[in-house]
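Q: please find the sequence and the predicted model below.
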Amino acid sequence: MSHDYFVPSVFHRHHRALRALLIDDQVWVVAHDLGPLTNRRFDRHLARKLDPDQWRHARIENHQGEVETQLLISESAVCELLKVNFYHPENRSLRQWFTGEVVPALRSAANPSLPRQRRFTWQGKEFNLMEWQGREWVRMKDVAELLEGQHPDTTTL
């Protein structure tokens, strides 16, 4: 990196921001941003419960374009906190959003030649879609649901 700070990607869930970034191919999240998403406060005491390789300090650009030092936590730390320390039924969907959308989006942006996963809505239901080699792919188990209630033209199959 040519500068001494990182510029995170910003993801939104329920109108709350989560800043995340890749450092050496590892996903890191601004610890302070996890608090509003879980309705819990993330403080130094909680960071001490993590293993030393699950947290770090780094200089990042904030929403106003200023550079500040923030506590970052790793992908594994986010999942651990959501399961153990911040246990609440809603946090299961938060973890699924994080591992199913945030992490793949960061990795896809870093490696555009790799397959990219995204969510799409069809007739009120959400499905995963993979974009790869200029084509869109859907999981076989989702095909039946996608075609449910429709009468496909068997001459084109």
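A: Here it is on my side, so go on.

Q: what is the neighbour count of residue 89?
A: Counted with other Cβ atoms under 10 Å, the neighbours of residue 89 add up to 6. In this view, the C-beta of every residue, glycine as well, is placed from N, C-alpha and C.

Q: just the one 3 residues further on next, same as before
A: Here the count is done by other Cβ under 10 Å, and residue 92 has 12 residues near it.

Q: and residue 69, by the same measure?
A: Residue 69 has 10 nearby residues by other Cβ under 10 Å.

Q: that one: what secondary structure?
A: Secondary structure, DSSP: H, G, I helix; E, B strand; the rest coil: residue 69 is strand.

Q: quick check: pLDDT value at it.
A: The per-residue pLDDT reported for residue 69 equals 95.

Q: tell me the strands beside the helix or strand bottoming out on mean pLDDT in the chain, with direction?
A: When each helix and strand of the chain is scored by mean pLDDT, DSSP states H and E, strand 116-122 comes last, with a mean of 74. Note on strand 116-122: by DSSP bridges, its sheet partners are strand 125-132 (antiparallel).

Q: partner strands of the following helix or strand past the partner strand, with direction?
A: Following strand 125-132 in sequence order, the next helix or strand is strand 135-137 (DSSP states H and E). Note on strand 135-137: by DSSP bridges, its sheet partners are strand 125-132 (antiparallel).

Q: now the strands for this protein?
A: 9-13, 16-23, 26-30, 55-61, 67-74, 116-122, 125-132, 135-137 (DSSP state E).

Q: mean pLDDT lowest where, among those?
A: The bottom spot among the strands of the chain, by mean pLDDT, belongs to strand 116-122, with a mean of 74.
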